[in-house]
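>>> only geometry, no sequence info:
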Ligand SMILES: [Zn+2]
Ligand SMILES: [Zn+2]
């Protein structure tokens with residue numbers, strides 16, 4: 001197999017040849033067909049996330065076709081189409097039993113690591129998946145079976161960005177119809193918060209960004225209003241659009257600095273809920289006036305859109321097939337594996353909703 005390896009932060013990924021270990025009990029070998037290029041991969045490549053060990057094969061938003069199943073694998077067979085989930089759960093801890101497998105402490109699987117051809121050195125895979133490659137060997141729990149008539153380039157995006165954004169609205173915040181929603185940041189995740197808000201009947205749906213091309217995309221995904229935060233104060237504008245008191249819900253999907261996070265709290269009304277979806281770099285300070293929360297405002301985090309992958313992925317696929325979830329529009333560009341560094345450049349410049357690597 002081939003895969004794109006990050007050897008050192010701030011250096012280009014390198015395409016390498018690997019040998020795969022034998023498919024063991026409970027494991028599934030997936031021939032990857034598509035992988036989304038997510039901001040989290042870019043965070044690791046830039047050196048923002050020292051907790052991810054490198055060198056590593058990046059990529060964690062993948063879809064493909066089952067090539068081989070190990071002993072004791074039930075319900076999945078060769079030829080099945082699957083979307084990968086990067087969060088494993090044990091099923092028995094407190095969080096799992098309370099219905100939040102996304103918050104399970106189980107670490108990424110490290111039993112199916114490929115070996116660098118020539119040296120035999122085992123290679124890490126980003127959150128146990130490493131989807132910037134032609135194959136990945138994963139535990140059965142990591143694969144979610146989907147219908148064959150769904151294009152895999154589109155389906156791959158459900159594995160991270162779509163689940164994270166739509167899930168933050170539907171699962172984490174449980175936004176009610178008719179409530180006002182503001183979304184800060186219109187990247188891959190923010191656009192999915194916007195389409196999640198549109199999906200549940202929020203009104204208005206206000207998109208905030210500093211790039212006009214992203215605000216145009218936001219309209220396509222269901223934003224009823226757009227605010228360019230480099231030209232006007234987003235807090236005042238959101239209050240105005242929502243009729244004075246501010247939004248019922250705000251989603252912070254930028255995660256680059258503390259300022260938009262503070263704005264996403266200021267822009268909500270009494271008992272407003274701010275959902276922190278973005279991943280800020282480590283030790284990002286936030287200056288909050290404590291009195292800001294006095295009127296029962298709530299600030300909550302959202303991790304992987306409170307995903308229950310084996311429940312939520314099939315639902316998202318169903319919505320896509322019914323024409324109610326936009327995936328085609330998310331795929332702005334398709335690159336080959338060899339062009340992965342160009343895909344990162346496009347991401348860094350904010351040129352795309354999502355780039356997808358076509359792998360096979
Ligand atoms: Zn658990
Ligand atoms: Zn991701």
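Structure's in. What do you need? These numbers come from a predicted model, not from an experiment. Ligands and ions are numbered 1, 2, ... in the order given.
>>> please make it C-alpha for all contacts and neighbour counts, starting now.
Fine.
>>> which SS state does residue 355 fall under?
Three-state call for residue 355 (DSSP: H, G, I helix; E, B strand; the rest coil): strand.
>>> OK, contacts around it?
By C-alpha atoms under 8 Å, 6 or more residues apart in numbering, the contact list for residue 355 reads 36-37, 331-335, 343, 347.
>>> residue 360 too?
31-34, 134.
>>> what do you get if the cut-off is 6 Å, keeping everything else the same?
Residues counted as contacts of residue 360 (C-alpha atoms under 6 Å, 6 or more residues apart in numbering) are residue 33.
>>> for residue 182, same thing?
Applying C-alpha under 6 Å, 6+ apart, the residues near residue 182 are 205-207, 250.
>>> which of the residues you listed fall within strands?
205-207, 250 (DSSP state E).
>>> the spatially closest residue to residue 116 that is not a sequence neighbour: what secondary structure?
Distances taken as C-alpha to C-alpha, 6 or more residues apart in numbering place residue 18 nearest to residue 116, at 4.5 Å, with adjacent residues excluded. Assigned with three-state DSSP, residue 18 falls in the strand class.
>>> in stretch 241-257, what counts as buried?
241-242, 245-255 (16 or more other C-alpha atoms under 10 Å).
>>> just checking, which of those residues belong to helices?
residue 241 (DSSP state H).
>>> just put the buried residues of stretch 241-257 in JSON lines and tack on pLDDT and distance to residue 352.
Below are those laid out as JSON lines (pLDDT from 0 to 100; distance: C-alpha to C-alpha, whole Å):
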{"residue": "241", "pLDDT": "98", "distance to residue 352": "27"}
{"residue": "242", "pLDDT": "95", "distance to residue 352": "29"}
{"residue": "245", "pLDDT": "95", "distance to residue 352": "33"}
{"residue": "246", "pLDDT": "97", "distance to residue 352": "30"}
{"residue": "247", "pLDDT": "98", "distance to residue 352": "27"}
{"residue": "248", "pLDDT": "98", "distance to residue 352": "29"}
{"residue": "249", "pLDDT": "98", "distance to residue 352": "26"}
{"residue": "250", "pLDDT": "98", "distance to residue 352": "23"}
{"residue": "251", "pLDDT": "98", "distance to residue 352": "20"}
{"residue": "252", "pLDDT": "96", "distance to residue 352": "19"}
{"residue": "253", "pLDDT": "96", "distance to residue 352": "15"}
{"residue": "254", "pLDDT": "91", "distance to residue 352": "15"}
{"residue": "255", "pLDDT": "77", "distance to residue 352": "17"}
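>>> taking the buried residues of stretch 241-257 together, which two end up most distant?
245 and 255 (24.9 Å; C-alpha to C-alpha).
>>> so the residue in the stretch 1-150 of the chain positioned nearest to ligand 2 versus residue 156, what's the distance?
Closest residue of the stretch 1-150 of the chain to ligand 2, C-alpha to the ion: residue 38 (4.6 Å). Separation of residue 38 from residue 156 (C-alpha to C-alpha, to the nearest Å): 11 Å.
>>> more crowded one of those two?
More crowded of residue 38 and residue 156, by other C-alpha atoms under 10 Å: residue 156, with 30 against 25.
>>> next to ligand 2, which bits of the stretch 1-150 of the chain? Give me the list.
Neighbours of ligand 2 within the stretch 1-150 of the chain, by C-alpha under 5 Å from the ion: residue 38.
>>> please, where are all the helices along the stretch 1-150 of the chain?
Remark: helices assigned in the stretch 1-150 of the chain by DSSP state H, counting those that start in this stretch are 39-46, 94-97.
>>> what about whatever residue of the stretch 101-250 of the chain ends up closest to ligand 2, how many residues close to it?
Closest to ligand 2 within the stretch 101-250 of the chain is residue 160: 4.6 Å, counting by C-alpha to the ion. Residues contacting residue 160 under the criterion other C-alpha under 10 Å number 26.
>>> just checking, it touches residue 61?
Yes. Between residue 160 and residue 61 there is a contact at 5.4 Å, judged by C-alpha atoms under 6 Å.
>>> so which helix or strand takes in the residue lying closest to residue 258 once chain neighbours are set aside?
Spatially, and ignoring its direct neighbours in sequence, residue 258 is nearest to residue 286 (4.9 Å; C-alpha to C-alpha, 6+ apart). Taking DSSP states H and E as the definition, one finds residue 286 inside no helix or strand.
>>> roughly how far does the residue nearest to residue 308 when sequence neighbours are not counted sit from residue 287?
Nearest residue to residue 308, sequence neighbours excluded (C-alpha to C-alpha, 6+ apart): residue 101, at 6.3 Å. For residue 101, the distance to residue 287 equals 32 Å [C-alpha to C-alpha].
>>> okay, those two: which has more neighbours?
Neighbours per residue (other C-alpha under 10 Å) separate residue 101 from residue 287, with residue 101 holding more: 23 against 10.
>>> ok, now which ones touch residue 96?
Per C-alpha under 6 Å, 6+ apart, neighbours of residue 96: none.
>>> quick one: is stretch 162-179 near ligand 2?
No. Against ligand 2, stretch 162-179 shows no contacts by C-alpha under 5 Å from the ion, the least distance being 7.9 Å.
>>> what's the spacing between the residue in the stretch 251-360 of the chain positioned nearest to ligand 1 and ligand 2?
Proximity of the stretch 251-360 of the chain to ligand 1 (C-alpha to the ion) peaks at residue 308, 11.8 Å away. Counting by C-alpha to the ion, to the nearest Å, the gap between residue 308 and ligand 2 amounts to 16 Å.
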